[in-house]
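Novice: prediction below, plus the sequence it came from.
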Amino acid sequence: MAKRERVVRMSVEQPLWRALTAYRLLTMVYAVLLFASAYKQFPHPWPAAGYLAVLAVWTLVTFRKVANAASCTKGFLVADLTVAVVGILLTPIVDTHERIIGGGPTLPTIWTAGAVLGFAIKGGWRWACFASTFVAMANILVHSGQPTRDTLHNVLLVWVASVAIGYVVEVARASEATLARALEIEAATRERERLARDIHDGVLQVLAMVQRRGSELGGEAEELGRLAGEQEVALRTLVSSGLVQPSRVSRDESRGALVDTYDDEPGADAGELDLRTLLAPHAGSRVSFAEPGTAVPLPVPAAKELAAAVGAALDNVRKHAGEGARAWILVEDWGDEVIVTVRDDGPGIPAGRLDQAEGEGRMGVALSIRGRLRDLGGSADLVSVPGQGTEVELKVPRGRTDKK
């Protein structure tokens, strides 16, 4: 038995978290060494040393917090940004005003950018703007509202870099979701092809043989053959089209390595639905279904109403054309409108019969078909020639398919 194909994906943002982890460690060491090389110039070195000790411990203790998006929570990001901002605001207390105005670094130095980048990778460019704004305000306060050109450059650099990285992360996540969906579709298609081969070699051939032998034997065997033929057509349609497939989106602890599944339920009234998924079940031994090779998306309410109108047309075929009549469903997508044609080979409708039926209070065609299409902004045209069958053409324009 052939093995099912397993799709393995990697998170595109995971390398960013690894880089952020390394950045925090290296910049923490840099801040400590920078203070150690100039601690004699600080009028109050012990508070500065105490803060840098807290910074070092915090960086080491929270090492795993920046391993992925799941562990990097909002609470941690706020606490991390608080540590950075406190270090910036503490600088005027432990250092001289002359060194600060002269371009001296703040206590956390470039470690602060790591806190901002955490916001960018976790939440995108909007979160990056939020964190960068707080860092900028703290730097301006440290310089008594008169920051130097170098300070403004550094603030602007952090702001632009974090926003850019946040935007890149958002694009990467969208691309990853698209790639994950494509991989799932490819895997499902291969699996469907494998099943189609197995079914074609076994089940479909048996059903076709039962249908032929039943027709030859007659009697109860003929009815059994008819049922086998209907199941063959339905199964062949399901295998060949594979229309009703669950949709999958990628999601995991780092928003990119696992798969969630949700069903495109026809009962959900939001979004769009492939019209083919609603019409394919009508196919059978006496109903042929012809469809485009690509999806025919319509708003869910419009797709349901159009499918109901098709069902009403097929009910009329069964009631008035007889059980032995054949029907054909043709779906056409012209971009600006969708056309569904239902045709049968029954005896047709005598002239004036529809008007007479409406006058007698039987509103099947008037309400079940034309009324539904009118509500969608479309139309239903019925052409019938006695002895040559009936054709119902249903048109639904796109952009006006919201049910009123």
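Specialist: Received, thanks. Residues are numbered from 1 along each chain as shown.
Novice: where exactly do the helices run in this structure?
Specialist: 14-38, 45-61, 74-94, 97-101, 111-123, 125-142, 149-201, 203-217, 220-241, 275-279, 300-316, 353-359, 372-375 (DSSP state H).
Novice: between these, which gets nearest to residue 336?
Specialist: Closest approach to residue 336 among those is made by helix 300-316 (14.0 Å; CB to CB). For glycine as for every other residue, the C-beta is placed from the backbone atoms N, C-alpha and C.
Novice: can you tell me which of the helices of the chain is most buried?
Specialist: helix 111-123 (a mean of 25; mean count of other CB atoms under 10 Å).
Novice: that one versus helix 74-94: what angle between them?
Specialist: 160 degrees (axes from the mean of the first three to the mean of the last three CA atoms, to 10 degrees).
Novice: can you list the neighbours in contact with helix 111-123?
Specialist: Residues outside helix 111-123 that contact it (CB atoms under 8 Å, 6 or more residues apart in numbering) are 13, 16-17, 20, 23-24, 27-28, 30-31, 55, 59, 66, 69, 72, 74, 77, 80-81, 83-84, 87-88, 106, 127-128, 130-132, 135, 158, 161-163, 165-166, 169.
Novice: just want the angle from it to helix 149-201.
Specialist: Taking the same axes, to 10 degrees, one finds that helix 111-123 is oriented at 30 degrees with respect to helix 149-201.
Novice: chain center to helix 111-123: distance?
Specialist: The chain centre lies 27 Å from the centre of helix 111-123; the measure is CA atoms, centre = their mean, to the nearest Å.
Novice: now that helix: mean pLDDT?
Specialist: The pLDDT scores in helix 111-123 average 90.
Novice: can you redo the helices of the chain as CSV with distance to residue 332?
Specialist: Formatted as CSV, those follow (distance: least, CB to CB, whole Å):
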stretch, distance to residue 332
helix 14-38, 46
helix 45-61, 63
helix 74-94, 50
helix 97-101, 73
helix 111-123, 45
helix 125-142, 43
helix 149-201, 24
helix 203-217, 28
helix 220-241, 16
helix 275-279, 11
helix 300-316, 13
helix 353-359, 25
helix 372-375, 15
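Novice: ok, of those helices, where does mean pLDDT dip lowest?
Specialist: Mean pLDDT values for the helices of the chain show the minimum at helix 353-359, a mean of 57.
Novice: ok, residue 83 touching residue 55?
Specialist: Yes - at 6.6 Å, residue 83 counts as touching residue 55 under the criterion of CB atoms under 8 Å.
Novice: mind listing the shared neighbours of these two?
Specialist: Taking CB under 8 Å, 6+ apart as the contact rule, residue 83 and residue 55 both touch residue 108.
Novice: mind listing what residue 150 touches?
Specialist: residue 103.
Novice: quick check: closest non-adjacent residue to residue 398.
Specialist: Using CB to CB, 6 or more residues apart in numbering and skipping the chain neighbours, the partner closest in space to residue 398 is residue 336 (5.7 Å).
Novice: count the residues that sit near that neighbour.
Specialist: When neighbours are counted by other CB atoms under 10 Å, residue 336 registers 8.
Novice: that one contacts residue 396, correct?
Specialist: No - the pair residue 336 / residue 396 is not scored as a contact, 10.4 Å apart, by CB under 8 Å.
Novice: can you list contacts of stretch 151-160?
Specialist: Residues outside stretch 151-160 that contact it (CB under 8 Å, 6+ apart): 103, 112-113, 116, 128-129, 132-133, 135-136, 139-140, 143, 147.
Novice: again, only using 6 Å
Specialist: Outside stretch 151-160, the residues that touch it by CB atoms under 6 Å, 6 or more residues apart in numbering are 113, 116, 132, 136, 139, 143.
Novice: for the fifth one, give its distance to residue 395.
Specialist: Looking back up the chat, that one is residue 139. 64 Å (CB to CB, to the nearest Å).
Novice: same deal with residue 380?
Specialist: According to CB to CB, residue 380 stands 8 Å off from residue 395.
Novice: pick out whichever of the two has more residues nearby.
Specialist: It is residue 380, of residue 380 and residue 395, that has more neighbours when counted by other CB under 10 Å, with 23 against 19.
Novice: for beta bridges, what are the partners of the more buried one?
Specialist: residue 394 (DSSP bridges).
Novice: could you double-check that it sits in contact with residue 394?
Specialist: Yes - Residue 380 is within contact range of residue 394, at 5.3 Å (criterion: CB atoms under 6 Å).
Novice: common neighbours of those two, please.
Specialist: By the contact definition CB under 6 Å, 6+ apart, residue 380 and residue 394 are jointly contacted by residue 373.
Novice: looking at the helices of the chain, which is closest to residue 286?
Specialist: Evaluated with CB to CB, the helices of the chain place helix 220-241 nearest to residue 286, the distance being 7.9 Å.
Novice: ok, the residue nearest to residue 303 when sequence neighbours are not counted to residue 371 distance?
Specialist: Closest residue to residue 303 apart from its sequence neighbours, by CB to CB, 6+ apart: residue 273 at 4.5 Å. Using CB to CB, residue 273 is found at 21 Å from residue 371.
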